[in-house]
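1. Okay, sequence plus prediction incoming.
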Amino acid sequence: MRRRRDGYGVRRTGAGMRKGIAAVAVLVAMTASAGCDDGSGADLVVTGTPPATPYSGPLKVPSKNLDEDSARAVRLVAGAAGRALECDGEIYTGASDGSWSRDDGGATPEEGLQAYFDLEQAEDPHYGYRVEREERDRVLYSFDVHGRTKVAVVVAKDQKGRPGWGPESSASCDPAELPASFTDSKPYEIWTDRDGRRVATTVVSSNDGPEHCGWQSAVFLYTGRGEGVRHYVRDPHGVLGRQLLTSAYDGHVRMPADAHDTGYRLNDRELWFTGDRSKAYVRTSDGVELWPATKESVGCK
């Protein structure tokens, strides 16, 4: 989990920024049931269709920061926005206790929602939100996929030291719960299981290396979450340097006899493991590749 220094709570790291792998930071983008999948031309706030079971809990919930990268920590810091989500899996990001100045606050709830994007530079979708709950001094905006809330933002009015409307809590589901028509245009790659169902990025995900470090020919693969996350690299040109890897990348190996198929797929790639988790084996239409794990943290600045 990345602790923010701007007073707006804690936001979980995205698929491409896990425990020191400074590759491509990505969080959430998706489509609303009322707009197009890519958001082209969609308004920030739309009328939408009310959900079958709208959130009925409090819009002000005390938050708690834990010094750990876990789904529980995200839930505790996400406040009311976290409770309003309808994720298939765990909450992906959460933040609360926003702060804004007189010049930042909006004159209306919708301007308060816009302030969320302006102040936080949030990577949540910038379109297609619907008013799900409205009270005198708070409004819950939800971004829905097939009638279920996948991003929630609570804006509040005239809080102590925070005049006008601005963001008080926000939370989002895993990018894998978002439409492929949107996530396919993002830097992260969503894997599927053997039945074609999208797999949470906290289970497995990948992305190309950052161009500004000259690592664009490498592919980073992530499995697990929190302290259990592992990083593997496809590095055919050796741009990372052998000293950063547990072994060398090999593009042509035999699949070990004790390897097992995880069932995770990305295009023609299949992810296999043995009991030695310092190596990942990726079967493609051209054969089998060995992707080594990284040694502790690998940073790109």
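-> It's in. Quick caveat, the model's predicted, so the values are computed rather than measured. Numbers count the residues shown, from 1 in each chain.
2. Show me the contact partners of stretch 96-114.
-> 6-9, 44-45, 63, 77-79, 81, 115-116, 118-120, 129, 131, 134, 139, 141, 153, 155-157, 161-170 (C-beta atoms under 8 Å, 6 or more residues apart in numbering). Glycine gets a C-beta too; all of them are placed from N, C-alpha and C.
3. Of those, which belong to helices?
-> Of the positions in the contacts of stretch 96-114, 77, 79, 81, 115, 116, 118, 119, 120 sit in helices, assigned by DSSP state H.
4. looking at those residues, which has the most residues close by?
-> residue 81 (31 neighbours; other C-beta atoms under 10 Å).
5. For that residue, give me its contacts.
-> 94, 96, 140, 152, 153, 154, 169, 170, 171.
6. The helix or strand containing the first one pairs with which strands, and in what direction?
-> Applying DSSP states H and E as the criterion places residue 94 in strand 91-96. With DSSP bridges as the test, strand 91-96 is paired with strand 162-173 (antiparallel).
7. Just the buried positions in the partner strand, please.
-> 162, 164, 165, 166, 167, 168, 169, 170, 171, 172, 173 (16 or more other C-beta atoms under 10 Å).
8. In this structure the fourth one contacts residue 120, no?
-> Spelled out, it's residue 166. No. Between residue 166 and residue 120 there is no contact under C-beta atoms under 8 Å: 10.3 Å.
9. ok, residue 164 touching residue 137?
-> No. Residue 164 sits out of contact with residue 137 when judged by C-beta under 8 Å, with a separation of 11.4 Å.
10. between those two, what contacts are shared?
-> Counting by C-beta under 8 Å, 6+ apart, the contacts common to residue 164 and residue 137 are 157, 158.
11. Could you pull out the helices in this protein for me?
-> 71-77, 79-84, 109-120, 180-183.
12. what's residue 251 in contact with, if anything?
-> Residues near residue 251 by C-beta under 8 Å, 6+ apart: 236, 287, 289, 290.
13. hang on, residue 208 packs against residue 234?
-> No. Assessed by C-beta under 8 Å, residue 208 is found out of contact with residue 234, at 9.7 Å.
14. When the two are compared, which one has more neighbours?
-> More crowded of residue 208 and residue 234, by other C-beta under 10 Å: residue 234, with 21 against 18.
15. Where does the prediction get shaky in the stretch 1-150 of the chain?
-> 1-41, 50 (pLDDT under 70).
16. The helices of the chain: which one's closest to residue 248?
-> Residue 248 lies closest, by C-beta to C-beta, to one member of the helices of the chain: helix 180-183, at 31.8 Å.
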